[in-house]
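Colleague: Below are the sequence and a predicted model for it; my questions follow.
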Amino acid sequence: MHFMTLIQKFYCCAFLFAFLLSNANPSDNILLRKGWAALVKDDENEAFRYFWLAKEKAERENNTADKAESILYLGICSFGSSLEKGLQFATKSLAEFKKLENSNPEQSAIGRSKCLQLISTIYSRQNKIKDAIKMSREVVHILRNKSDASGTLGLAYISLGSLYELEKRKDSIELLFQLALKDFESNKNYSYLPNAYLKIGKVAQKKNQKETSLAYFNNGLNIANTSQNKQAQVSCLLAVGTWYQDVNHDYAKAESCYHQAHQIAESLSDKLFEIKSLESLIEIKKEKKDFKEVSELQNQMLAIQKKFYSLERAQIVKSLEVQFDVAEKKRQLALISKEKKVTQLTNSLLFIGIFVLLIIFGILYFFMKKINARDKQLLKTKDEMVEILEQQKILKAQQFQNDIEHKESQLSAITLQMLQKNELLAEIKSNIEKSEPIGERQLLKMVNKHLNQDNSWNDFDTYFEGINKNFYTRLKQNYPEISTNDLKICALIKLNLSIKEMATILNISPDSVKTARYRLRKKLQLQTEENLTDFILTI
């Protein structure tokens, strides 16, 4: 994952945390409440299990509202490890909330806004800034005139302001953060205030309002400490440290804040906070030119990043395992229910009377005897078929062996024919070269013409490939530099011919054969102690 993606993911964690808190009391559904309690403790796997059970229960009871709510929480629980799964759950929840438009339009609208804000958060992490802005704007449009105290409206304001920052748009950013702060304060959503103060403080810092920005950061830190909101504590401490480093140039206080943030971040399951605190420590160590400490911190950060991505993959696998476990338990319950019905039916049959049971057993015995006789006949037929197939297999093997022997005999005959032909032509050539008649010169040209013909080699290659399947192909694939003449040498070596016989067939001297074998060894990259013939025979 790219470094900038990590930074964006860190800032989006604030959106996720606020979104989760906006549903701190999900419903009266006991399974959703248990899932929420597990999620607050960073036990995503246990939370996912409870939310999935809540969805199954809602489906059995045909409770659309609880089903929509449980699917929404499955999306919240999943998108930290898999954005795609989170988006799928958010879309499904959106469809369920739409079903409530007629029966409960208020709940439908608020539920839709929560789904859209989750989708906006996912889009922002996917760097789909324009789509995320569109979603958060719709949330503002839905909730602006509604009495919703969940904090989703304030979250949408913060989301829009942060997304505008990513687009480097200066208009309305401070106003949006102020609107979010006002919404949180009016609805007493104190858990969100640290994030709102941070956003406004950073805007003030950019406007060079030094004391004002520090006051906002400290306000956020105080609220985070009071509510024991560890993620907010880390974010506020990093902001205060950055202020001391960049504005006041007090590196000692900045480093102290970074260390405090790092100590708190180590206890968080979301390691992005620890990574961000380490990045801040690395920057200040670079300012102090403490490069040894920089190297150690960088190694520590790389180790955490590697572990973080491993945990992400493990969470995806674990969520799938949880889904499988729940489905398996559901299947087992169905089987138990089915078995119970069968038992009740059996007991009812027992009460009908012994006479009826005797008749049933008599009929069963008759059919079992008939089935047994049929099975014996079928087994006998199968044995006969197996025997016939074995005979056919033996015949095919014998036929295959006969074909091999025939091809080998043909190959030997061609090889011998080539050997005899070249010996004869070489002898004629030698006798003709002793005199100079014109007729004999013409005869010499004819002999040379016959020596250069490749028809015998074509027949040789056909039969040789019939016995040694893909021999030439394997050589060419493994050793692309090998030539056509080299392939001929290899084929003759495969037939275990002597150097003299090879020289006669190729119409060259034995020394030329030795030279060709030496060049072939180099192309095959053989060591001095390796035997060329043994190597060719293994191909």
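Modeller: Looks like it arrived, so ask away.
Colleague: and Q88, how many neighbours?
Modeller: A count of neighbours around Q88, defined by other Cβ atoms under 10 Å, yields 16. For every residue, glycine as well, the C-beta is placed using N, CA and C.
Colleague: Poorly predicted segments of this protein, please.
Modeller: Along the chain, segments meeting pLDDT under 70 span 1-27, 40-42, 307-335, 398-428, 430-456.
Colleague: And L537, how far from L475?
Modeller: Separation of L537 from L475 (Cβ to Cβ, to the nearest Å) stands at 13 Å.
Colleague: who has more neighbours, these two?
Modeller: The neighbour count for L537 versus L475, taken as other Cβ under 10 Å, is higher for L475 (19 against 11).
Colleague: Name the nearest residue to that one, ignoring sequence neighbours.
Modeller: In space, and not counting its chain neighbours, L475 is closest to I482: 5.7 Å by Cβ to Cβ, 6 or more residues apart in numbering.
Colleague: For burial, what's the neighbour tally of that neighbour?
Modeller: Using other Cβ under 10 Å, the number of residues around I482 comes to 17.
Colleague: May I have the phi/psi pair for it?
Modeller: With angles defined as degrees, to the nearest 10, I482 sits at phi -70, psi 140.
Colleague: Please shift the residue numbers so they start at 36 in all later answers.
Modeller: Understood, numbering begins at 36; the last thing we discussed is I517.
Colleague: Now for it: which residues touch it?
Modeller: Applying Cβ atoms under 8 Å, 6 or more residues apart in numbering to I517 gives the contacts 510-511, 525, 555, 558-559.
Colleague: secondary structure element for G397?
Modeller: In this structure, G397 sits in helix 389-467 according to DSSP states H and E.
Colleague: One more: T539?
Modeller: Here T539 is assigned to helix 534-541, by DSSP H and E.
Colleague: For the residue nearest to L510, give its distance to A526.
Modeller: According to Cβ to Cβ, I517 stands 12 Å off from A526.
Colleague: Tell me the buried residues in stretch 175-193?
Modeller: By neighbour count on 16 or more other Cβ atoms under 10 Å, the buried set for stretch 175-193 is 175, 177-178, 183, 185-193.
Colleague: Check stretch 247-259 too.
Modeller: Buried, per 16+ other Cβ under 10 Å, within stretch 247-259: 248-249, 251-256, 258-259.
Colleague: contact partners of stretch 204-220?
Modeller: With contacts defined as Cβ under 8 Å, 6+ apart, stretch 204-220 is touched by 186, 188-190, 192-193, 195-196, 199-200, 224-225, 227-228, 231-232, 234-235, 238.
Colleague: could you say which helix or strand contains the closest residue to I235 other than its chain neighbours?
Modeller: With sequence-adjacent residues excluded and distances taken as Cβ to Cβ, 6+ apart, I235 is closest to F212, at 4.8 Å. F212 belongs to helix 208-221 when assigned by DSSP H and E.
Colleague: sorry, back to before: the buried residues of stretch 175-193 in helices, which ones?
Modeller: Counting by DSSP state H, the buried residues of stretch 175-193 place 175, 177-178, 187-193 in helices.
Colleague: what's Q280 in contact with, if anything?
Modeller: Per Cβ under 8 Å, 6+ apart, neighbours of Q280: 286, 289, 318-319, 322.
Colleague: Neighbour-wise, which one of the residues you listed leads?
Modeller: A289 (25 neighbours).
Colleague: Tell me the secondary structure at that residue.
Modeller: Three-state call for A289 (DSSP: H, G, I helix; E, B strand; the rest coil): helix.
Colleague: wait, isn't it in contact with L316?
Modeller: No. Using Cβ atoms under 8 Å, A289 is not in contact with L316, being 9.6 Å away.
Colleague: okay, how far is it across stretch 515-533, tip to tip?
Modeller: Using Cα to Cα, to the nearest Å, one end of stretch 515-533 lies 26 Å from the other.
Colleague: do the same with stretch 277-285
Modeller: Start-to-end, stretch 277-285 (Cα to Cα) is 10 Å.
Colleague: and if you look at stretch 561-574?
Modeller: Start to finish, the residues bounding stretch 561-574 are 14 Å apart (Cα to Cα).
Colleague: Give me the contacts around that stretch.
Modeller: 506, 509-510, 525, 528-529, 531, 552, 555-556, 559.
Colleague: between those residues, which is nearest K92?
Modeller: Taking Cβ to Cβ as the measure, K92 lies nearest R509 of the contacts of stretch 561-574, at 62.9 Å.
Colleague: what helix or strand does that closest one sit in?
Modeller: Per DSSP H and E: helix 506-513 holds R509.
Colleague: Give me the buried positions along that helix.
Modeller: Across helix 506-513, burial judged by 16+ other Cβ under 10 Å covers 506-507, 510.
Colleague: out of the contacts of Q280, who's nearest S113?
Modeller: Comparing these against S113 with Cβ to Cβ places E318 closest, at 33.3 Å.
Colleague: Skip the chain neighbours and tell me the closest residue to the closest one.
Modeller: Closest residue to E318 apart from its sequence neighbours, by Cβ to Cβ, 6+ apart: Q280 at 7.7 Å.
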